[in-house]
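Novice: sequence below, structure please.
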Amino acid sequence: MLRITDLKLPLNHAEEALPAAIRNRLRITPRDLVRYTIARRAHDARDKMDIQLVYSVDVTLKNEAPVLARFRRDRHVNTTPDTGYRFVTRAPADYDGPRPVVVGAGPCGLFAGLILAQMGFRPIILDRGKVVRERTRDTWGLWRRSELNPESNVQFGEGGAGTFSDGKLWSQIKDPRHLGRKVLIEFVKAGAPPEILTEAHPHIGTFRLVTMVESMRRTVEALGGEYRFEHRVDDLDVAIDADGARRLRGIRLQTGEVIETGPVVFAVGHSARDTFHMLHDRGVYLEAKPFSIGVRIEHPQSWIDNARFGPCAGHPDLGAAAYSLSHHCKNGRTVYSFCMCPGGTVVAATSEVGRVATNGMSQYSRNERNANSGIVVGIDPARDYPDHPLAGIELQRHWETRAFEVGGGTYKAPAQRLGDFLAGRPSTELGSVIPSYRPGVQLTDLAACLPDFAVTAMREALVAFGREIPGYDHPDAVLTGVETRTSSPIRVTRGDDFQSVNTAGLYPAGEGAGYAGGILSAAVDGIKIAEAVALALTGAAGQVGGGRER
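Specialist: Model (predicted):
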């Protein structure tokens with residue numbers, strides 16, 4: 001089978017235009033083409049008056065050898081890659097060794113548990129939060145009634161933070177083994193729409209993610225895995241030998257129960273701040289890493305559609321328009337859009353009492369009134385919080401506390417019209433853009449709950465973004481603060497074997513450990529970690545991975 005990439009057709013092309021384009025591209029007759037399937041579809045909207053669909057297709061020919069030889073120097077015609085997943089090992093039929101423990105049931109922990117279960121190791125999966133349906137009710141309690149449950153919210157519980165997001169399923173990670181394909185296939189098995197296998201920028205949305213997470217839990221349990229919800233890990237039992245080598249022997253739960261275990265996958269997410277402090281107190285090596293801080297910006301989705309797609313706005317093959325923006329500022333900071341949610345809402349995403357943090361969320365339909373995105377400023381440990389590995393957490397907490405105070409102390413979020421933000425004056429009334437954040441906003445001056453360098457950089461960048469997307473810097477656009485949970489502010493450093501560099505048996509994983517950013521990359525990291533654990537349990541460690549991970 002051959003794969004053709006970068007095959008372009010007009011937006012409104014007829015169905016028969018695609019096989020005709022394949023034949024023309026390969027210079028073959030209709031009899032030579034046996035069948036074709038779409039491997040990927042994207043769109044090129046750089047010219048709004050001539051938007052094109054861009055295909056990658058897999059084709060079966062009667063005789064592919066001469067065609068492949070004819071195009072041997074053409075990088076857009078190649079043999080179709082093998083994207084099938086193969087397990088690195090399996091548990092022996094009589095396996096009676098330790099059951100691996102996975103801490104965290106977000107995307108990383110979910111796939112670590114799923115792969116271990118599929119290989120026959122019957123993992124135990126612990127999560128401090130609740131099952132996804134109960135967690136959803138608790139999350140709505142904050143959004144509708146300003147009632148926060150610190151153990152069951154946007155950050156904590158089955159499905160992780162990705163459950164209440166746009167459900168984006170693409171990533172820029174290097175993936176030579178096509179592990180991302182395995183993730184997408186498992187999602188489709190669990191109820192995701194099949195088009196996520198072909199769309200260039202697939203997404204699912206919160207409502208579908210809830211049912212998929214439940215389905216995958218049932219799969220893990222059917223394979224012998226075990227879930228324990230409302231089980232928070234509060235301590236580690238670490239043995240230290242005469243040479244100073246450290247090995248994890250067990251974990252202690254908030255109930256006082258101790259689980260003596262072999263390998264433990266720590267996939268706790270980027271907001272498990274108490275857990276990070278515990279790891280540091282127990283001597284696990286941590287290091288500070290960069291993250292970003294900023295706000296959520298909202299425009300009517302129709303503005304973004306018209307700016308990006310022109311007269312083709314609203315076309316069913318295009319959907320709601322997205323964007324990606326970045327600007328390097330005069331003060332040396334970089335401002336960029338983050339987690340853009342077309343047709344979505346801004347949501348309360350705090351997990352700690354007395355603090356406000358925001359995030360963006362969309363449903364599969366992406367048909368809400370507004371588009372929203374994080375507009376965030378990159379910060380780094382050496383420049384902004386050099387004193388301690390956990391100093392980034394305290395920086396996040398400081399500005400989240402200020403946002404809570406400025407918002408009125410009721411979990412309302414501080415908000416400001418963009419025109420007022422640029423002018424440096426508090427907002428007293430809204431314009432034509434109505435903010436979507438619940439439990440509501442308090443109009444104010446956002447400069448009171450952001451670092452000065454971030455305010456300066458964002459004011460410069462927003463004007464620059466208005467030159468790139470007409471209307472982006474419209475004075476009625478709404479800014480809602482603060483966005484602080486862009487990524488983990490720490491890294492639990494691991495080595496070639498995927499274990500902590502100074503605590504054997506501890507496998508730091510996913511976004512919380514500093515090795516992923518988003519649903520797909522976290523799930524892929526979960527697969528890698530599961531493979532490393534399985535190989536260690538069967539005595540074949542070293543077959544997967546290679547090179548210290550950063």
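Novice: contacts and neighbour counts: CA atoms only from here.
Specialist: OK.
Novice: let me know the helix or strand that residue 526 is in.
Specialist: For residue 526, the element it lies in under DSSP states H and E is helix 519-537.
Novice: in that helix, which residues are buried?
Specialist: Neighbour-count burial for helix 519-537 flags 519-537 (criterion: 16 or more other Cα atoms under 10 Å).
Novice: again, but for stretch 9-28
Specialist: So, applying 16+ other Cα under 10 Å, buried residues of stretch 9-28: 9, 11, 18, 19, 22, 23.
Novice: and for stretch 178-188?
Specialist: 179, 180, 181, 182, 183, 184, 185, 186, 187, 188.
Novice: for stretch 91-107, same thing?
Specialist: Neighbour-count burial for stretch 91-107 flags 91, 99, 100, 101, 102, 103, 104, 105, 106, 107 (criterion: 16+ other Cα under 10 Å).
Novice: taking these, tell me the two that lie furthest apart.
Specialist: Maximum pairwise distance in the buried residues of stretch 91-107, criterion Cα to Cα, is 24.2 Å, between 91 and 106.
Novice: which non-adjacent residue is nearest residue 431?
Specialist: Residue nearest to residue 431 in three dimensions, not counting chain neighbours: residue 476, with 5.0 Å by Cα to Cα, 6 or more residues apart in numbering.
Novice: residue 165 versus that neighbour, what's the distance?
Specialist: Separation of residue 476 from residue 165 (Cα to Cα, to the nearest Å): 25 Å.
Novice: comparing those two, which shows the higher neighbour count?
Specialist: Shown here are residue 476 and residue 165; by other Cα atoms under 10 Å, residue 165 has more neighbours (28 against 21).
Novice: ok, that one - contacts?
Specialist: 205, 206, 359, 360, 361, 362 (Cα atoms under 8 Å, 6 or more residues apart in numbering).
Novice: and if we set it to 7 Å?
Specialist: 205, 206, 360, 361, 362 (Cα atoms under 7 Å, 6 or more residues apart in numbering).
Novice: point out where the stretch 401-550 of the chain drops to low pLDDT.
Specialist: Where the stretch 401-550 of the chain drops to pLDDT under 70, the residues are 541-550.
Novice: which stretches of it form strands?
Specialist: 413-417, 441-443, 478-483, 490-492, 506-508 (DSSP state E, counting those that start in this stretch).
Novice: closest one to residue 272 among the ones you listed?
Specialist: strand 490-492 (10.8 Å).
Novice: which residue ranges of the stretch 251-400 of the chain form strands?
Specialist: Remark: strands assigned in the stretch 251-400 of the chain by DSSP E, counting those that start in this stretch are 258-260, 264-266, 286-288, 291-300, 326-328, 334-348, 358-361, 370-379.
Novice: tell me which of those lies nearest to residue 446.
Specialist: strand 291-300 (8.8 Å).
Novice: show me what contacts the closest residue to residue 264 other than its chain neighbours?
Specialist: Distances taken as Cα to Cα, 6+ apart place residue 101 nearest to residue 264, at 4.8 Å, with adjacent residues excluded. By Cα under 7 Å, 6+ apart, the contact set of residue 101 is 123, 124, 125, 263, 264, 265.
Novice: hmm, try it at 6 Å
Specialist: By Cα atoms under 6 Å, 6 or more residues apart in numbering, the residues touching residue 101 are 123, 124, 125, 264.
Novice: go through those and name the one nearest residue 296.
Specialist: Closest approach to residue 296 among these (Cα to Cα): residue 125, at 33.4 Å.
Novice: residue 92: what secondary structure?
Specialist: The three-state label given to residue 92 by DSSP: H, G, I helix; E, B strand; the rest coil is coil.
Novice: do residue 170 as well
Specialist: Going by three-state DSSP: residue 170 is coil.
Novice: quick one, what contacts it?
Specialist: Contacts of residue 170 by Cα under 6 Å, 6+ apart are residue 201.
Novice: mind doing that once more with 8 Å?
Specialist: With contact set as Cα under 8 Å, 6+ apart, residue 170 has these partners: 200, 201, 202, 520, 521.
Novice: which of those residues sits closest to residue 225?
Specialist: Of all these, residue 225 sits closest to residue 520, with 22.1 Å by Cα to Cα.
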